[in-house]
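Asker: Predicted model and sequence below, questions to follow.
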Amino acid sequence: MTHRLYEGKAHAATYWKYRISPSDHLMQQVLDFLQKQGGEFELAVDVGCGSGQGTLLLAKHFASVVGTDVSPAQLELALQHAHKPNITYSRQCVAEELPFTDSSVDLVTAMSAFHWFDRPRFLQEVHRVLKPRGCLALLNYTLNMELSSSDGCSDALNHICREFYAALRPFRSPLLGQSSIEMYREAFELIPYPEKEWHGCVLNTQLMPLSSYMGLVESFSCYQALLKQDPQRAHKLSQDICQRLMSVMKVSSAETEVMVDVKYFYLLACKPEEA
């Protein structure tokens, strides 16, 4: 069964404010794969949609998009930002029991969510709901994001970032193992479809305020676990890291923008015509 996280209203609000979405270029790779396989663009389902950032991207390309999640708080927030008529977020459900008929969905996506699912059951459910020539896209990014600055202080910034990640590593969920990328590799090998692709490292660079970078890291499950266990320690760690980064950048405001390099990995798979 899906491991339930990110369900509180406060965390949902943080998720919407700071979580990033795949780039247009990365989403185009997904769409190109679907088109190459002869798939249609009628119905896309975004599983574990959270507050809906990825779902909004899909809405540009499909006649209908449905976001599903186990969290009412996340879905409530997603609905507040669903300004396109072809988006529906009315499907509160676990990932392994999707409310769609057999062979009815053109594209199933899970963006930074698959690692929380009961993965074998989810893949079976995806096989059930996908149309022949329908596709699955599983996307995620790694925690080890890097900062870059035009004034030559990138090495110093990333030394501090690595200390931040190291401090959070003990609070990483045991469900994720040593590296979530290995989970996705394993899933890629288990999917029996002949048409599938693995992409191990796609760099997505985004300009954002330093405060948004801090908020992004704070939205991760490892920081949230520390926050739940010891709020004072969590806040002190975050404040110290932010102050050190500002000191290296020689700025006084956390609203100063910085380039953040995010490392994505993803897999694509197409259900055969005769499956």
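Answerer: Good, I have the coordinates. Numbering: from 1, shown residues only.

Asker: Sketch out the low-pLDDT regions of the stretch 151-275 of the chain for me.
Answerer: Applying pLDDT under 70 to the stretch 151-275 of the chain flags the ranges 275.

Asker: Okay, helices next: where are they in it?
Answerer: 154-168, 180-190, 210-218, 221-229, 231-249 (DSSP state H, counting those that start in this stretch).

Asker: Out of those, flag the one nearest Ala137.
Answerer: Closest of these to Ala137 is helix 180-190, at 11.4 Å (criterion: C-beta to C-beta). The C-beta positions use only the backbone N, C-alpha and C, and glycine is treated the same way.

Asker: Just the buried residues of the closest one, please?
Answerer: Of the residues in helix 180-190, 180-181, 183-184, 187-188 count as buried by neighbour count, 16 or more other C-beta atoms under 10 Å.

Asker: what's the residue closest to the geometric middle of the chain?
Answerer: Closest residue to the average C-alpha location of the chain: Ser112 at 2.5 Å, with C-alpha atoms, centre = their mean.

Asker: Now that one: closest residue in space, sequence neighbours ignored.
Answerer: Distances taken as C-beta to C-beta, 6 or more residues apart in numbering place Asn140 nearest to Ser112, at 5.0 Å, with adjacent residues excluded.

Asker: shouldn't that neighbour be in contact with Phe265?
Answerer: Yes: with contacts counted by C-beta atoms under 8 Å, Asn140 reaches Phe265, the gap being 6.2 Å.

Asker: what touches both of these two?
Answerer: Shared contacts of Asn140 and Phe265, defined by C-beta atoms under 8 Å, 6 or more residues apart in numbering, comprise 181, 184.

Asker: follow-up on the earlier one: tell me the most buried of the helices of the stretch 151-275 of the chain?
Answerer: helix 210-218 (a mean of 20; mean count of other C-beta atoms under 10 Å).

Asker: before we move on, back to that, in TSV: the buried residues of helix 180-190, plus distance to Gln206.
Answerer: Output for the buried residues of helix 180-190, formatted as TSV (distance: C-beta to C-beta, whole Å):
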residue	distance to Gln206
Ser180	20
Ile181	20
Met183	24
Tyr184	22
Ala187	26
Phe188	26
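
Asker: which among those gets closest to Ala167?
Answerer: Ser180 (18.6 Å).

Asker: and the closest one, what does it touch?
Answerer: With C-beta under 8 Å, 6+ apart, Ser180 has these contacts: 115, 140, 142.

Asker: Just the buried residues of the residues you listed.
Answerer: 115, 140.

Asker: quick one, strands of this structure?
Answerer: In the chain, the strands defined using DSSP state E lie at 43-47, 64-69, 87-92, 105-111, 130-141, 146-148, 195-209, 257-270.

Asker: Let me have those strands in TSV, extended by distance to Gln224.
Answerer: Shown next, in TSV, are the strands of the chain (distance: least, C-beta to C-beta, whole Å):
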stretch	distance to Gln224
strand 43-47	21
strand 64-69	17
strand 87-92	21
strand 105-111	18
strand 130-141	17
strand 146-148	22
strand 195-209	20
strand 257-270	19
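
Asker: Figure out which of those strands is closest to Asp240.
Answerer: Comparing the strands of the chain against Asp240 with C-beta to C-beta, the closest turns out to be strand 146-148 (16.1 Å).

Asker: partners of the closest one, with directions?
Answerer: With DSSP bridges as the test, strand 146-148 is paired with strand 257-270 (antiparallel).

Asker: hmm, back to that, now the residue nearest to Ser112: how far from Ala254?
Answerer: Asn140 sits 27 Å away from Ala254, taking C-beta to C-beta, to the nearest Å as the criterion.

Asker: about what we covered before: quick one: the residue nearest to Ser112 and Gln232, what's the gap?
Answerer: Distance, Asn140 to Gln232, by C-beta to C-beta: 31 Å.

Asker: Check Gln80 too.
Answerer: Look at Gln80 and Gln232: by C-beta to C-beta, they are 32 Å apart.

Asker: ok, the residue nearest to the centre of the chain touching Leu139?
Answerer: Yes: Ser112 is within contact range of Leu139, at 6.9 Å (criterion: C-beta under 8 Å).

Asker: No further questions, thank you.
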